[in-house]
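> Just to be clear, the model below is a prediction. Sequence and coordinates:
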Amino acid sequence: MIIKEFIANLALLGTLLFLYSQVIMKKPLQLHSSAKTKLIAGICGGFVSIVLMLFSINIGDLLVDLRFIPTLLLAFYGGAFPALISMAMTIIFRFILSAEIISLYALIISVTGTLFAIFFSRVKFSAKIRIFSIYTFNNIIFSIFFVYLSEDPAIIMEVLTLYWLISYISTFLTFYLIRYIRESQALFAKYKNDSLTDSLTGLNNVRKFDEEFNRFVHDVKSSDQQLSLLYIDIDYFKKINDTYGHKEGDIVLIELGARLQKATRNFDIVSRNGGEEFTVLLLDCPAARAVEIAERIRDSVEKDAFLLSTGKSIYITVSVGVASYRETTENPAMLIDDADSALYLAKHLGRNRVCVAS
């Protein structure tokens, strides 16, 4: 019966840890996490421990469970702050359940184990040694108190054997689960970022541009904000590739992307939409200001040389089409078409110029 309850505790722990991981998916707990993240993690860990206590195994006057695992996990991954929060919640709830002498022993076990975990998790040993040592120490402390409080040698042997066995198994499975979840979340974040980022320049790709464009179009329709769009194209870029090679052409694209970011505000959306075409979404920016920015970009590109990997400096030019919602374009959804038409006009008029949609 006892082993079934231990296994039920373990299954419950795994389920709760998985649910917790979904709550903090975007900000997994780290030593350098913000105080807010650590506070949330500590509170969540405390609730997990409390739930485990509600499903404790009653052996005489003792409550045996896996409540210590969440707190020790927090100490290992997040340091003292979240671990102490979880520990405090666990202790308070234990006294709410029963304000007897046995609760005082539980407090001593909890405090001792948590403080050791906080200290030893920072010692420069491998992760496996630190984890094994932390949980072994906790098991030793528990065993000492259990032997002291229990009078039946048979119960002592049965419970401690099962407790140590289940403790190590649950520790291994828990850390494996946590590591698997964290690695999966990191990969998911990487793939998500890669799917929205241009691999060459690090700018937004066309998918991210479309996503942001649609979002801002929706926003400006319900507000009095203005939205401007620059459509930028490198003049005679094919000639650069044919003359210097695609590797040098890539260097030009990377450098232009960096210059576009420097020429715009942090919250503007700079994207590479494919090939030698770039766009800049200027938020709450009137047409006159958008033209100023476009001219500044065009002038900077024309006057400042681009350094190739060979050490050779070359000069290039860009053509820019500008469209602005409420001034050149009545329907914000038409900004792309209007800016593209203005770009085509700039190309037609001789390149290296800025044209505004009409």
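Nice, I can see it.
> tell me the mean pLDDT for the stretch of helix or strand residue 210 belongs to?
Assigned by DSSP states H and E, residue 210 belongs to helix 206-221. Helix 206-221 carries an average pLDDT of 90.
> Give me the sheet partners of the next helix or strand after that helix and which way each runs.
Next in sequence after helix 206-221, counting helices and strands by DSSP H and E, comes strand 227-234. As defined by DSSP bridges, the strand partners of strand 227-234 come to strand 277-283 (antiparallel), strand 318-324 (antiparallel).
> Pick the most deeply packed of these.
Of these, the one with the most neighbours on average (mean count of other CB atoms under 10 Å) is strand 318-324, at a mean of 27. In short, each C-beta sits where N, CA and C put it, glycine included.
> Can you list the buried residues in the helix or strand just after it?
Counting by DSSP H and E, the next helix or strand C-terminal to strand 318-324 is helix 335-348. Across helix 335-348, burial judged by 16 or more other CB atoms under 10 Å covers 335, 336, 338, 339, 340, 341, 342, 343, 345, 346, 347.
> again, but for stretch 167-186
Neighbour-count burial for stretch 167-186 flags 167, 170, 171, 174, 175, 178, 181, 182, 185 (criterion: 16+ other CB under 10 Å).
> now the buried residues of helix 335-348 as TSV including distance to residue 20 and pLDDT?
Converted to TSV, the buried residues of helix 335-348 look like this (distance: CB to CB, whole Å; pLDDT from 0 to 100):
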residue	distance to residue 20	pLDDT
335	43	93
336	42	93
338	49	95
339	46	95
340	48	94
341	52	95
342	51	96
343	50	96
345	56	95
346	54	95
347	55	94
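> Just the closest of those to residue 216, please.
Closest approach to residue 216 among the buried residues of helix 335-348 (CB to CB): residue 335, at 9.3 Å.
> just checking, residue 327 touches residue 226?
Yes. Residue 327 is within contact range of residue 226, at 7.2 Å (criterion: CB atoms under 8 Å).
> Show me which of those two is the more surrounded one.
More neighbours surround residue 226 than the other of residue 327 and residue 226, with 19 against 16 (other CB atoms under 10 Å).
> quick one, phi psi at that one?
phi -100, psi 150 (degrees, to the nearest 10).
> any idea how far it lies from residue 281?
Distance, residue 226 to residue 281, using CB to CB, to the nearest Å: 12 Å.
> Ok, residue 135 next?
Residue 135 is 52 Å from residue 281, where distance means CB to CB.
> next one: residue 23
Here the distance between residue 23 and residue 281 works out to 32 Å (CB to CB).
> can you check residue 75 too?
Separation of residue 75 from residue 281 (CB to CB) stands at 45 Å.
> And the furthest pair within the buried residues of helix 335-348?
Using CB to CB, the pair of these lying farthest apart is 335 and 347, separated by 18.6 Å.
> which stretches of the chain form helices?
For the chain, applying DSSP state H gives helices covering 2-23, 35-54, 68-78, 80-97, 101-120, 127-149, 153-196, 206-221, 237-244, 246-263, 287-303, 335-348.
> any chance of the ones you listed in a markdown table, plus distance to residue 271?
Compiled in a markdown table, these are given as follows (distance: least, CB to CB, whole Å):
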| stretch | distance to residue 271 |
| --- | --- |
| helix 2-23 | 31 |
| helix 35-54 | 30 |
| helix 68-78 | 36 |
| helix 80-97 | 38 |
| helix 101-120 | 46 |
| helix 127-149 | 40 |
| helix 153-196 | 10 |
| helix 206-221 | 4 |
| helix 237-244 | 17 |
| helix 246-263 | 9 |
| helix 287-303 | 14 |
| helix 335-348 | 11 |
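> burial count for residue 207?
Residue 207, neighbours per other CB under 10 Å, totals 13.
> any idea how far residue 352 is from the nearest residue to it once chain neighbours are set aside?
Leaving aside its chain neighbours, residue 207 sits nearest to residue 196 (5.9 Å; criterion: CB to CB, 6 or more residues apart in numbering). In this structure, residue 196 and residue 352 are 31 Å apart, going by CB to CB.
> about what we covered before: and for residue 327 and residue 226, which residues touch both?
286, 287 (CB atoms under 8 Å, 6 or more residues apart in numbering).
> Need the pLDDT of the residue nearest to residue 86 when sequence neighbours are not counted.
The shortest distance from residue 86 to any non-neighbouring residue, by CB to CB, 6+ apart, is to residue 45 (3.7 Å). For residue 45, the pLDDT comes out at 88.
> residues in contact with residue 45?
By CB under 8 Å, 6+ apart, residue 45 lies in contact with 20, 70, 71, 73, 74, 82, 83, 85, 86.
> Which one of these is nearest to residue 141?
residue 71 (13.3 Å).
> so what's the closest residue to that closest one other than its chain neighbours up against?
Spatial nearest neighbour of residue 71, excluding adjacent residues (CB to CB, 6+ apart): residue 86 at 4.4 Å. Residue 86 makes contact with 42, 43, 45, 46, 49, 70, 71, 74, according to CB under 8 Å, 6+ apart.
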